[in-house]
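Peer 1: here's a sequence, model it:
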Amino acid sequence: MAKELPYFKFEPSEWENGNIQICSREDKGLFIDLCGLYWSRIGDVPLKLAIQKLCGGNATAFDSLLENKIFRVIDGLIYIEFLDEQLQEFENVRNTNKENALKGWEKRRKIKDECDRNATALNSQCENDAIREDKIREEEKREKKKKIEINIESLNFENFDFPEDAIEIWTNWINYKKEQHKDSYASKSSMQTALNQLCKLSKGNSKIAYEIVNNSIANLYKGLFELKTTPNTEPQKPKEYEPNAHLLKIVNRLERDGDITTKQAEIARVTIANATTFINVSTFMDGLKNLEKLGEDTDLLDNGNTLRIG
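Peer 2: Numbering: from 1, shown residues only. Down below sits the predicted model:
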């Protein structure tokens, strides 16, 4: 209980106006010491103990305090009225809290008994609700996974200098989004908007568009962003520069991270170096997974632009 009562209330007005002011400073200090001992022992202080502990065995040390009725002694025990009132108040609060706790426990026990009696019915209902919620979540997932298949060639590529190359570049971007991020454009309108944004960023130049797409693929970006440095914008077809540089970056990163072996990386680099057209990202990644099945001298290119994966 001592830990529950770390301090007692002290009212300065009662101290200043009470009989304690009749006493000397020494008696006042002695009374404060007595109050501390009294509170720490929860009001159980024999007079003899207080004399020995606070007065060094001087039996007359408390005479002035007793004469002025600062505290009382009954049957050898000290009584300090204002501290007794606080102790009683605490005891009343503790008893009230105890009663409330018992009532709360009884209420919870009755609720538990009622739940136990209806356990079978409740569990059945809960299982049905859980199944229903699982079905709803599955349906929501299926809705989110639904992809609208859009014919890329139906989009408008006329603002690019080489529309046919732009179609090939855009197809590569769409395949990358689907394979890497499991993502696609929700509608033809949203895809055309994104294509128009690429055209704006590249100023209609197929080479710059190629660089923008490759930069996003190499850095695993989800979107297309303006290049920090602009490459040579002299009109030329993508075939005249390295069409699969982004794949080389992917191979280097996979080898560095330990996802593929050095042998796999070397074969992949030879394949990329020999390619003269765009390699489908999805097919290329599948081919990497199956390289261990192939021989040292296997050419991974089939018909010029498709990886042989089996």
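Peer 1: quick one: low-confidence ranges for the stretch 151-300 of the chain?
Peer 2: For the stretch 151-300 of the chain, residues meeting the criterion pLDDT under 70 lie at 229-243, 291-300.
Peer 1: so where do the helices sit in it?
Peer 2: For the stretch 151-300 of the chain, applying DSSP state H, counting those that start in this stretch gives helices covering 163-181, 188-202, 206-218, 245-256, 262-274, 281-289.
Peer 1: among those, which is the most enclosed?
Peer 2: Among the helices of the stretch 151-300 of the chain, helix 206-218 has the highest mean neighbour count (mean count of other Cβ atoms under 10 Å), at a mean of 22. Where C-beta positions appear, they are placed from N, C-alpha and C, glycine not excepted.
Peer 1: neighbours around S40, how many?
Peer 2: 14 (other Cβ atoms under 10 Å).
Peer 1: quick one: I70 is in a strand?
Peer 2: No. Assessed with DSSP: H, G, I helix; E, B strand; the rest coil, I70 is coil; it does not lie in a strand.
Peer 1: quick check: it touching N19?
Peer 2: Yes. In this structure, I70 is within contact of N19 by Cβ atoms under 8 Å, at 6.1 Å.
Peer 1: the more surrounded of those two?
Peer 2: Legend: neighbour count by other Cβ under 10 Å for I70 and N19, higher for I70 (21 against 11).
Peer 1: got a list of what that one touches?
Peer 2: Counting by Cβ atoms under 8 Å, 6 or more residues apart in numbering, I70 makes contact with 19-20, 23, 27, 31.
Peer 1: give me the buried subset of these.
Peer 2: 20, 23, 27, 31 (16 or more other Cβ atoms under 10 Å).
Peer 1: so the second one touches L66, yeah?
Peer 2: Right, the one you point to is C23. No. With contact defined as Cβ under 8 Å, C23 does not count as touching L66 (10.7 Å).
Peer 1: looking at the record's assignment, how would you partition the chain?
Peer 2: 2-79, 87-143, 152-240, 245-307 (automatic domain parsing).
Peer 1: give me the distance between the first one and the centre of its chain.
Peer 2: Averaging C-alpha positions (Cα atoms, centre = their mean, to the nearest Å) puts domain 2-79 57 Å from its chain's average.
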